[in-house]
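In: Show me the folded form of this:
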Amino acid sequence: MTRFRARVRVMPRSSILDPQGQAVSHALGELGFGGVGEVRVGRAVELLLDAASADAARADALQMCERLLANPVTEDYVLEGVEPAA
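Out: Residues are numbered from 1 along each chain as shown. Model prediction:
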């Protein structure tokens, strides 16, 4: 088994209201950053996985996203990378 690091980005779907993003957008405007358009706030998840290969680690990470890390009704996710952990 080899240890892999997987990085996942989870974001609210574009069709879903993002109150956190709206609050950040408003606060940035109040701070004088008037050129900011729409703001969406999501989260980053980093996983250390033991797997036989990078493909197996990727498959496990995708299953984790489908089953727990992202709400399929309101969120989209992107598996940004799987690499051997240092």
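In: buried sites along whatever helix or strand Ala59 lives in?
Out: Assigned by DSSP states H and E, Ala59 belongs to helix 54-64. Neighbour-count burial for helix 54-64 flags Ala54, Ala56, Ala57, Arg58, Asp60, Ala61, Leu62, Met64 (criterion: 16 or more other C-beta atoms under 10 Å). For every residue, glycine as well, the C-beta is placed using N, CA and C.
In: Show me which of those is closest to Leu17.
Out: Nearest to Leu17 among the buried residues of helix 54-64: Met64, at 26.1 Å, using C-beta to C-beta.
In: Distance of the residue nearest to that closest one when sequence neighbours are not counted relative to Ala85?
Out: The spatially closest residue to Met64, leaving aside those adjacent along the chain, is Leu47, at 7.0 Å (C-beta to C-beta, 6 or more residues apart in numbering). According to C-beta to C-beta, to the nearest Å, Leu47 stands 10 Å off from Ala85.
In: okay, the two: which has more neighbours?
Out: Applying other C-beta atoms under 10 Å to Leu47 and Ala85 shows that Leu47 carries more neighbours, namely 18 against 14.
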